[in-house]
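Enquirer: when you get a sec, could you give me coordinates for this:
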Amino acid sequence: CDKTAGRSSTLSDAREERLASIGFVWLPKEETWDAKFAELAAFRQSHGHVRVPFYVAGSTKKANPLNTWIHWNKKRDAGAP
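Expert: Predicted coordinates for the structure are as follows:
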C-alpha cells in the first residue's frame, strides 16, 4: 500500500486492515530481500562463511540464486556514498 511507502492512498483503513489480515504483502521487494538475507544467514550458520558458490550444487550451468542476490547487492552498494 502507498501508506507504508510514506505516500497518501485512496485505500480505506478498513480495506487496508482486511488485506493485512490475510497476509497481503505491501512491499514485496523488501520481503524478498529479507528472505534472501535469512537464507544467507542460514548458509553462514551451516558453513561458517558467506562465500556462496556460483553454481547450484551438482550443476555447472545453473547459477545459484543466493549468489546472484549477493552479487546484485554488492553492485548496488558499490555506488553508495
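
Enquirer: distance of the residue most central in space within the chain relative to residue 73?
Expert: Taking CA atoms, centre = their mean, the centroid of the chain lies closest to residue 33, which sits 1.5 Å from it. Applying CB to CB, to the nearest Å, one obtains 8 Å for the distance of residue 33 from residue 73. To be clear about C-beta, it is placed using only N, CA and C from the backbone, and glycine gets the same treatment.

Enquirer: count of residues packed around the nearest residue to residue 53 once chain neighbours are set aside?
Expert: Leaving aside its sequence neighbours, residue 53 sits nearest to residue 64 (CB to CB, 6 or more residues apart in numbering; 5.8 Å). Burial of residue 64 is recorded as 17 neighbouring residues (other CB atoms under 10 Å).

Enquirer: so who does residue 64 touch?
Expert: 52, 53, 54, 55, 56 (CB atoms under 8 Å, 6 or more residues apart in numbering).

Enquirer: same check, this time on residue 69
Expert: Residues counted as contacts of residue 69 (CB under 8 Å, 6+ apart) are 36, 40.

Enquirer: could you find the closest non-adjacent residue to residue 39?
Expert: Nearest-residue entry for residue 39: residue 66, 5.6 Å, with adjacent residues in sequence omitted and distances by CB to CB, 6+ apart.

Enquirer: for the one you found, which three-state class applies?
Expert: Remark: residue 66 carries the secondary structure label helix [criterion: DSSP: H, G, I helix; E, B strand; the rest coil].
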